[in-house]
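Chemist: Model the following, please.
(one chain, ligands or ions: 1)
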Amino acid sequence: MNRLDNISKIKSTKLWDIIIIGGGASGLGSAIDSASRGYKTLLIEKYDFAKGTSSRSTKLVHGGVRYLQNGDVSLVTEALKERGLLRKNAPHLVQDLSFVIPSYDWWSSPFYGIGLKIYDMMAGKLGIGPSTILNKNETEALIPNVEKKGLKGGVIYYDGQFDDSRMAISLAQTAEDQNAVLLNYIEVIDLIKSSDETISGVVLKDSISQEKYQVKSKVVINATGVFSDTIMLIDDPKASRMIQPSQGVHVVLEKKFINSKHAIMVPHTSDGRVLFAVPWQNYVILGTTDTQVNRAEYEPKALEEEIDFIISNAGKYMTIKPNKSDIKSVFVGLRPLAISDNKNKSTKEISRHHKIKISTSGLISILGGKWTTYRKIGEDAINSAIIVGGLNSCKTLTENLPIHGYDSNPNFEDPLHVYGTNIDQIKKLTKDPKGNESLSKKLFITKHQILWAIQKEMAVNLEDVLARRTRCLFLDVFETEKLIDKVLKIMADALKQNKKWISEQKTIFLSLTKNYKI
Ligand SMILES: Cc1cc2nc3c(=O)[nH]c(=O)nc-3n(C[C@H](O)[C@H](O)[C@H](O)COP(=O)(O)OP(=O)(O)OC[C@H]3O[C@@H](n4cnc5c(N)ncnc54)[C@H](O)[C@@H]3O)c2cc1C
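Modeler: Below is the predicted model:
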């Protein structure tokens, strides 16, 4: 993935079949689907791939047990199928994960046990493993830090786990492998319309060079997540709002608070939501909340009551109870929920199912959805694009398309496993004997990873490297701050940048890290 090469392609291409606005899960899924069907495809991302919600998820590839409680059977069926396809097509990126639901009364285990048997049955052949009811000793053995007072037993069930922004980069590479052209740090600032008011292209602005381009296309897809209304308002200033953002907060703690390779799932917290404690690298993620907010923003802030809610609810299930001072990082995402017709519904009741809206101008907007179903979202968006753009019809190929780096036998103990078959190239990138040594004892980040991110993954700045190509910022903001100078030195040498650039990058990044602390 080379930014300058791709900029020259937007200058030399007269007409694209499909332009996709937004480089999150939905846009990347659409780009792969479109390019693999043979359409000339361009994807434009305003900041970095997965800068929006798609780097801020709970990192579960799941059917969504809790949607069964809401009676959303079709969503669960679809998500379970997509979970299976992701495990098949990206085995180096999706890991099986077992979840323990601890129970403190006599009825919980049989109650959740029955629900999870239905979940297993719905997954059918794509199931990961059968859910089982556990006794007290078995539950304690699986989760050593579980609260033992009053513990009666538990239930274990299975879903998948992934690293969301690493998945996004692999999807971007897959789309490029299929001849799509992708660009980050370019914003769609306007839509071009023909005399009949249908959309015929977009106006772009490169935020690095400040250059502007007019680019023509048969179809334009709006895959901007919580920012979808902005593009719809450019299309039609009288358009009504279609997205209800809902904020979800995660806090990250040291792994001792779970001390297990299994996750904890709490099906019913004090506000009726589900809470997860999920082991991730050497840490544990606790989350999430569901707070209705009125504004979409790139760096949403966690509310104090959301942090309190997570810490106090998680503490009820742990022997060593976390305090706010134990928090290593906080990250916040906005769910792009499609506004419900029923205005009385709370955000947690709004379906997570995606919708495809076609405006009279031909603009195709993707509303809502889940990371897990990104492939189906892409398929549905491109099916609509074929009709709107009068493109030669062709069926989706993505159910059987391996994701870049596909490795059928990954070693999940190796922190580089997310790169799949590229691992050897990364390890041999330079002759520096320290190139594969981690720069930190707590977090894993090597010189070779940083260079690879710049050379092959379109990383442009310090945030790209520390937040999304590696996950340092999301895991431990305090340790990440200690790495800034070392990482910037490697980046500046590779990019031939001077002291002024280093100092600017440091200042920008240090103002960002404030959002990841409480
Ligand atoms: C707290 C939380 C936890 C979640 N956990 C899970 C989970 O565990 N599993 C799961 O399956 N799903 C989960 N989800 C849902 C999932 O993360 C989202 O549905 C998904 O990431 C949305 O992707 P998207 O591409 O639609 O939006 P985004 O990822 O936000 O992408 C939109 C992109 O559009 C870009 N953009 C905006 N305007 C422009 C413009 N004018 N020009 C160019 N680009 C533009 C933005 O920069 C952004 O990168 C979670 C969501 C939240 C909030």
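
Chemist: If you count neighbours, what's buried in stretch 490-502?
Modeler: Ile490, Met491, Ala492, Trp501, Ile502 (16 or more other CB atoms under 10 Å). Backbone N, C-alpha and C define where each C-beta goes, glycine included.

Chemist: Mind picking the two most distant members of the residues you listed?
Modeler: The largest separation in the buried residues of stretch 490-502, counting by CB to CB, is between Ile490 and Trp501 at 13.2 Å.

Chemist: coming back round to it: want to try TSV for the buried residues of stretch 490-502, with secondary structure as columns?
Modeler: TSV is the format used below for the buried residues of stretch 490-502 (DSSP: H, G, I helix; E, B strand; the rest coil):
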residue	secondary structure
Ile490	helix
Met491	helix
Ala492	helix
Trp501	helix
Ile502	helix
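
Chemist: Serialize these to CSV and add fields for pLDDT and distance to the ligand.
Modeler: Shown next, in CSV, are these (pLDDT from 0 to 100; distance: CB to the nearest ligand atom, whole Å):
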residue, pLDDT, distance to the ligand
Ile490, 98, 26
Met491, 98, 22
Ala492, 98, 26
Trp501, 98, 23
Ile502, 98, 25
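
Chemist: would CSV of the residues you listed with distance to Val146 be doable?
Modeler: Formatted as CSV, those follow (distance: CB to CB, whole Å):
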residue, distance to Val146
Ile490, 42
Met491, 43
Ala492, 47
Trp501, 49
Ile502, 46
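
Chemist: ok, those vs Asn422, which is closest?
Modeler: Ile490 (18.8 Å).

Chemist: Following the chain past the one helix or strand Asp33 maps to, name the next helix or strand.
Modeler: Using DSSP states H and E, Asp33 sits within helix 25-36. Downstream of helix 25-36, the next assigned helix or strand under DSSP H and E is strand 41-44.

Chemist: what's the following helix or strand past that next one packed up against?
Modeler: The helix or strand immediately downstream of strand 41-44 is strand 60-61, counting by DSSP H and E. Secondary-structure packing of strand 60-61 (3 or more CB pairs under 8 Å, 6 or more residues apart in numbering; DSSP states H and E): helix 73-89, strand 153-162.

Chemist: got the contact list for strand 60-61?
Modeler: With contacts defined as CB atoms under 8 Å, 6 or more residues apart in numbering, strand 60-61 is touched by 83, 86-87, 94, 97, 159-162, 276, 278, 371-372.

Chemist: So for the residue of the stretch 401-518 of the chain found nearest the ligand, what's the nearest residue that isn't a sequence neighbour?
Modeler: Relative to the ligand, the nearest point of the stretch 401-518 of the chain is Arg468 (10.4 Å; CB to the nearest ligand atom). Distances taken as CB to CB, 6 or more residues apart in numbering place Ser165 nearest to Arg468, at 3.9 Å, with adjacent residues excluded.

Chemist: Please identify the helix or strand for the one you found.
Modeler: Ser165 is part of helix 164-177 when elements are defined by DSSP H and E.

Chemist: quick revisit: now tabulate the helices and strands packed on strand 60-61 in a markdown table and tack on mean pLDDT and distance to the ligand.
Modeler: Below are the helices and strands packed on strand 60-61 laid out as a markdown table (pLDDT from 0 to 100; distance: least, CB to the nearest ligand atom, whole Å):
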| stretch | mean pLDDT | distance to the ligand |
| --- | --- | --- |
| helix 73-89 | 95 | 7 |
| strand 153-162 | 97 | 8 |
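
Chemist: what's the most buried one of those?
Modeler: With neighbours taken as mean count of other CB atoms under 10 Å, the helices and strands packed on strand 60-61 reach their highest mean count in strand 153-162, at a mean of 23.

Chemist: partners of that one, with directions?
Modeler: Within its sheet, strand 153-162 is paired with strand 60-61 (antiparallel), strand 94-103 (antiparallel), strand 132-135 (antiparallel), according to DSSP bridges.

Chemist: What angle do helix 73-89 and it make with each other?
Modeler: Orientation check (axes from the mean of the first three to the mean of the last three CA atoms, to 10 degrees): strand 153-162 against helix 73-89 gives 60 degrees.

Chemist: May I have the secondary structure class of the closest residue to Thr53 other than its chain neighbours?
Modeler: Counting by CB to CB, 6+ apart, Thr53 lies nearest to Gly333, which is 4.7 Å off, once chain neighbours are set aside. Counting by three-state DSSP, the backbone at Gly333 sits in strand.
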